[in-house]
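J.: following is a predicted model, sequence given first.
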Amino acid sequence: MIYQHRIVICRAGKLEKRHEKFQSTTMQALDDAGSALIGAWEVYIGDEAGSAVWQLRQFESMANWAAHQDKVRADAALSTARQTQLYPYLDEVNTSILALADGSPDIPVDWPAIDAMRGQPRGYIEQRILRHKVGGSAAHHAFYHEHVMPALEREGARLIGYFDTLIGDGTTNGKSMRTVELRHFPDLTSWQSWREAQDTDKDLADLIKSQWLPHIEQMHSTLLRPLDYSRIR
């Protein structure tokens, strides 16, 4: 499986209108065209808080993703609806293609209908985007899988997925230097306890600060709130 990872930015109070127009003009049409929207999360804390949504779409393969792009472009009615009703509310869109990294938990293939998700309980998602040195991803992943991943499964946290970037910012010569980590929390209390443990638990703090962080060139962390139509919540 591959995953289309996208940030949609709508500043100056336009985000709520974007949510409305997206649901009424394109959301179901894209799903019907073979693009399973499995994650849709508004930025709650972090860059572009209150102005951005991160989306995660699932495809069987790169060929399947390319065929979907062709199908959407060929749909004149959908293209017109997006151009005239949705795009006026968008300021920026940035897309990359991801694949699960070695050792990542599996992500389900089959999902319920979007409308079946509405009204269901929602937690919070922490997304961390990690950048590695050129050629450093393999060493990082090996250390992460053996030491960091089990150490962070605490305080109600659950790793959803761990992804390498195949296409987009953070790739070179077919190699990924950019990893995306998605972790679920049932509520803000568990997230806060998890964050604080990385400073107050001496063994964990040492693992994070002195052993793990030297593998990382840069890290961006955001806390995300699932939208009511998000399948991962």
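T.: Sure, I can see it.

J.: measure Ala40 to His147 for me?
T.: With distances taken as C-beta to C-beta, to the nearest Å, Ala40 is found 32 Å from His147. For every residue, glycine as well, the C-beta is placed using N, CA and C.

J.: between the two, tell me which one has more neighbours.
T.: Of the pair Ala40 and His147, Ala40 is the one with more neighbours under other C-beta atoms under 10 Å, namely 27 against 14.

J.: quick check: the more buried one vs Ala66, distance?
T.: On the measure of C-beta to C-beta, Ala40 and Ala66 end up 23 Å apart.

J.: number of nearby residues for Met1?
T.: Met1 sits with 15 neighbouring residues when counted by other C-beta under 10 Å.

J.: just Gln120 next, same as before
T.: Neighbour count of Gln120, defined by other C-beta under 10 Å: 12.

J.: which parts of this protein are strands?
T.: 2-9, 36-45, 52-59, 92-100, 124-131, 158-167, 171-172, 175-176, 178-185, 218-226 (DSSP state E).

J.: okay, these in TSV with mean pLDDT next?
T.: Output for the strands of the chain, formatted as TSV (pLDDT from 0 to 100):
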stretch	mean pLDDT
strand 2-9	97
strand 36-45	97
strand 52-59	97
strand 92-100	95
strand 124-131	97
strand 158-167	95
strand 171-172	78
strand 175-176	78
strand 178-185	97
strand 218-226	97
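
J.: tell me which of those strands sits nearest to Trp111.
T.: Shortest distance between Trp111 and these, using C-beta to C-beta, is found for strand 36-45: 5.9 Å.

J.: buried stuff in the closest one?
T.: Using 16 or more other C-beta atoms under 10 Å as the test for burial, strand 36-45 gives 36-44.

J.: residues contacting Trp212?
T.: 143-144, 147-148 (C-beta atoms under 8 Å, 6 or more residues apart in numbering).

J.: do I have it right that Ser176 meets Gly168?
T.: No. Using C-beta atoms under 8 Å, Ser176 is not in contact with Gly168; the gap is 9.7 Å.

J.: neighbour count for those two, which is higher?
T.: Ser176 (24 against 16).

J.: residues contacting the closest residue in space to that one that isn't next to it in sequence?
T.: In this structure, Ser176 finds its nearest non-sequential neighbour in Asp164, 3.9 Å apart by C-beta to C-beta, 6 or more residues apart in numbering. Contact analysis of Asp164 by C-beta under 8 Å, 6+ apart lists 98-101, 137, 176, 178-179.

J.: hmm, 7 Å instead?
T.: 98-99, 101, 137, 176, 179 (C-beta atoms under 7 Å, 6 or more residues apart in numbering).

J.: for ChimeraX, what selects the buried ones among those residues?
T.: Filtering those down to the buried ones (16+ other C-beta under 10 Å) takes a single ChimeraX command:
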select :98,101,137,176,179
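
J.: return the member of the contacts of Asp164 nearest to Pro112.
T.: Taking C-beta to C-beta as the measure, Pro112 sits nearest to Leu98 out of these, at 22.4 Å.

J.: tally up the residues packed near the residue nearest to that closest one when sequence neighbours are not counted, please.
T.: Once flanking residues are discounted, Leu98 sits nearest to Phe163: 3.9 Å by C-beta to C-beta, 6+ apart. Using other C-beta under 10 Å, Phe163 has 25 other residues around it.
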